[in-house]
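>>> let me see the structure of the following:
(3 chains)
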Amino acid sequence: MTSLLSIHDLHVSFDTPRGLLQAVRGVDLEVPAGTSVGIVGESGSGKTVLSRAAMGLLQGKNVQRTGTVVFDGKELTALPPDEVRNEFGTGMAMIFQDPMTALNPVRRIGSQISEGLRVRLGLSRADAMKRSAELLALVRIPDPQGMLRKFPNQLSGGMRQRVMIAIAIACNPKLLFADEPTTALDVTVQAQILELLSELRAELGMSMVLVTHDLGVVANHTDIVTVMYAGLVVEQAPTRRLFANMKMPYTEALMKSIPRLDQPSGGRMPMIAGRLPDPTAPEPGCPFAPRCPYVVDKCRSSVPPLVSDGDGHSYRCWLPLGGGI
Amino acid sequence: MAGSGKAHLRSDNDVILSVEDITVEFKAAGGKSVKAVSGISLDLIRGETLAIVGESGCGKSTLGKAILQLPRPTSGSVKFDGRELTALPSEELRNVRPAIQMIFQDPVSSLDPRLTIAKVVEEPLAIWNRGDAAERSRKVDELLNSVGLEPEIVRDRRSYEFSGGQCQRISIARALALEPLLLVCDEPVSALDVSVQAQILNLLQDMKERYGLTLIFISHDLAVVKAVSTRIMVMYLGKICEISGPDDLYARPAHHYTHALVGSVPLPDPNAPRNKATIQGEPPSPVDPPSGCRFRTRCPAATDKCAAEEPQLTEVSPGHYVACHHPR
Amino acid sequence: MRKALARLDLFTKVCAGWLSIVVLLAIVGPYLPFTDPRESDIEAMGVGMFSKGHFLGTDSNGYDLLSNVITGTRLSILIAVVSVGVGGLIGSAIGILSAYRRGKFDYIVSLVFNILLSIPNLVLGLALVAILATSADPNEPVSSNRRVFVILISLTIVIIPILGRIARGATLTWTNREFVTAARSMGMRDREIIMKHIVPNVLPSIYAVGFLAVGVVIVAEGSLSLLGVGITDGISWGSMIARVAGEFTYAPHSMYVPVTALALTVIACNQVGDFLRSQLDKREGKI
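Numbering: from 1, shown residues only, chains lettered A, B, ... in the order given. Next up, the predicted model:
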């Protein structure tokens, strides 16, 4: 399978008053064409920085980035920012977590959707508006014509998210980054939006990178799962295989500690002791060592490499669960 | 569905909180009034954990605050430990406050950033003049220890130096300082990372056992709520849909909204059948709610009766009440 | 505090230093062994800077500029500090109470603040001075002390809505924080909540803007004096400027001296106030 997006040895650090913040510490990621890749992680895992860096959205004097990002055959990291920007909308697009702040509050919906169409595809204003209405229908918004004239503050969270999706798919991108797209939404709306994304992917032949902290979302809507912790990829596998056969203790601990509807109620929950990693002070060895129930000395002194079993399942652990390869 | 059913109220001697027909009305933009909470009744037996579950706009947070009289509800009665809170004058209400405490959703905003942690946890003791300075200091250390924090490290720091999970622990320590009977938790783990949530939930369980607390747990997260509660109340647009024990609620949801909620939660199991989103659309505006049953506009089983008549809570199985004309 | 001082950059340090000198001179200035500012040196009228006996020169009437500017510091700074201090106190108290209580009181207070703020500072000051300084007998001039008093009152009133609005805005932010609800749920009385939780958090915003306000008042005093309704027989920077305004071309340095003193002080106030504000943003950023 050809890789639509290839990230190789990406490091991203920020110069902050508190010291060097190492957000991403050497990540390799492949997104095959036509798949949905989930990136799972908590605060400090680096998942959001990863997706922004891959899109080339991180700029600023205090950002240090090394490594390569190859999208659709073009090496984005070697291109100047203007050329990278050409990929936005037509190659890659992104939808964000907070629909409240992602839309411009003083512009009408129609104007916000058609902007991309006019700039990227060169459509006339009338054509762009027509296409915008079609897009709104595509994201299942009732009364698309009426919606074009509305302002973001007149819409609910779910509606705004649909509008954001419409903006993102306006120019038929090959790859959609969805950064926690449903975290700020109610659970019933979340289900609708995720279903919409799956349907759109099938209809438009779009690949997706779904960044989330929710293992339930990942279980049902991704083909491949990547688990991140403290700026590193700690496990990656096709979804079914990951859930059936976890190798990295963090993944197992995470799975056990989330409350589930299909579990009996009451009683104490298994939990992970300790705190999340501090990106300004990374541990010398495996980042999960301070909290791992299976830790040995080797874990604390050296970072395990990411090894693959040759069949798409890679993990980063000296003592993987169920034995190594 | 209606909240104005009292079928679910119990006449146990151990009922410490009894809320009847409570309504909270706000003035919205444009002069219209919104009933965030509309005619709700509930009760609490000592030692229970009642979860109040619902999506945004259902009124659960408002209900929690109204029980604490912050602010006082527009109408209805709140009887706590035998006393009618809504009728108490401010000074006497103030005297009841130590017995009902609250923890909040945003752990960092719950703590005054200018105070040291020791001062934050000590504050309730200082307000009520419990003990002298040395005794209070000892109590602060004891509380910090019981929530899993080391007093020597934590005492002299300020809230912004800590993570969300630690701030929530500090909030819990502060809430327990006055040894309350009832603890209202308003979305206490929603702002925390997943791996930290379990820690805080376990902590609440431990504190409940240790201090003999009764809890009200407000949340939008069904799975979290199932793990910690002994009784669950589902709200929609200011009214009650269903009340039941957790296992029964999830195995046999009688209300169509509950069924949709349960079906919408993604299970972390790729082999489980993919749930299709079971309801479409969005909740209607609380300013102008639908007549009769408020859920009828999105309900697959709605009939004319649902528009004409507001359903009352009725028992469908022991301890399981639902407000629906056509329960599942 | 020490850590805060260490974080100051050079420019801010210089400005803070300048302000300290100015305040010192305001207090001890008239006791220093300089020439009497009201004594006219007939032989050295209009001499330039660095002349013998007159370090900054004299104006066209022979008054020594150095001693005048030092003496003038006292009145200018006094007016600025008192009006910002008293105006700030009153304005903040009203602003905090109105934002905490909300409701009709808040509505009226906002309305009054906004009306006062919509009038340019100088115009408002002028109007107030005109109203308050009118004496019953048109033949009898207003006494010097009364003049100062009137200016103080007028500028205090100008400052009240400025700092009042800042205080109100900050209070609105802080009362929405959950720790205020928590304090109420613990049974803390409103008065205690305001004093122990709201005021300490709102104070930094107020004194940051307070410094900027001091600069505003110094300029306002200067402008009022230049217009002839400020200090006329006392010595302040404004009155110095006013006195030499007519004969500027003859001895230009006599204008430069007070203007420079005024400008430097206002710049210094702005810089320190701005620095305090940026410290505030950093702290807010953490929260």
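>>> counting contacts, what elements does whichever helix in chain C runs longest pack onto?
Taking DSSP state H as the criterion, chain C has its longest helix at helix C:65-101. Here helix C:65-101 touches helix C:10-28, helix C:103-118, helix C:144-175, helix C:199-226, helix C:237-244, helix C:253-286, going by 3 or more C-beta pairs under 8 Å, 6 or more residues apart in numbering or on different chains; DSSP states H and E. Just so you know, the C-beta spots here come from the backbone N, C-alpha and C atoms, and that holds for glycine as well.
>>> so who does the closest residue to residue C:94 other than its chain neighbours touch?
Once flanking residues are discounted, residue C:94 sits nearest to residue C:164: 5.4 Å by C-beta to C-beta, 6 or more residues apart in numbering or on different chains. Residues near residue C:164 by C-beta atoms under 8 Å, 6 or more residues apart in numbering or on different chains: C:90-92, C:94-95, C:109, C:113.
>>> if we use 10 Å, what do you get?
By C-beta atoms under 10 Å, 6 or more residues apart in numbering or on different chains, the contact list for residue C:164 reads C:87-88, C:90-96, C:98-99, C:109-110, C:112-113, C:116-117, C:206.
>>> mind checking which of those are buried?
In terms of neighbour count (16 or more other C-beta atoms under 10 Å in any protein chain shown), the buried residues within the contacts of residue C:164 are C:87-88, C:90-92, C:94-96, C:98-99, C:109-110, C:113, C:116-117, C:206.
>>> follow-up on the earlier one: now the angle from the longest helix of chain C to helix C:10-28?
If you take axes from the mean of the first three to the mean of the last three C-alpha atoms, to 10 degrees, helix C:65-101 sits at 110 degrees to helix C:10-28.
>>> can you map out the helices along the stretch 201-325 of chain A?
Here the stretch 201-325 of chain A has its helices, by DSSP state H, counting those that start in this stretch, at A:215-221, A:239-244, A:249-257, A:297-301.
>>> please name whichever of these is nearest to residue C:215.
helix A:215-221 (54.9 Å; C-beta to C-beta).
>>> and that closest one, what does it pack onto?
Packing partners of helix A:215-221 (3 or more C-beta pairs under 10 Å, 6 or more residues apart in numbering or on different chains; DSSP states H and E): strand A:36-40, helix A:187-204, strand A:207-212, strand A:224-229, helix A:239-244, helix A:249-257.
>>> can you say which of those is nearest to residue B:243?
helix A:187-204 (19.4 Å).
>>> check whether the closest one contacts chain B.
Yes - against chain B, helix A:187-204 shows contacts by C-beta under 10 Å from any C-beta of the partner chain at A:187-196, A:198.
>>> quick one: contacts of stretch A:283-292?
A:25, A:44-45, A:228-232, A:234, A:248-253, A:272-277, A:294-304, A:316-319, B:195.
>>> residue A:163 is in contact with residue A:100, correct?
No - counting by C-beta atoms under 10 Å, residue A:100 does not reach residue A:163; the two are 11.7 Å apart.
>>> re the thing from before, got the angle for the longest helix of chain C vs helix C:103-118?
Going by the same axes, to 10 degrees, helix C:65-101 makes 150 degrees with helix C:103-118.
>>> what ranges do the strands span in the chain?
In the absence of a named chain, chain A is used. For chain A, strands defined by DSSP state E occupy the ranges A:3-16, A:19-32, A:36-40, A:63-71, A:74-75, A:92-95, A:175-179, A:207-212, A:224-229, A:232-238, A:307-308, A:314-315.
>>> you answered for a different chain; I wanted chain B.
Using DSSP E, strands in chain B cover B:15-27, B:33-45, B:49-53, B:75-80, B:83-84, B:100-103, B:182-186, B:214-219, B:231-236, B:239-244, B:313-317, B:320-323.
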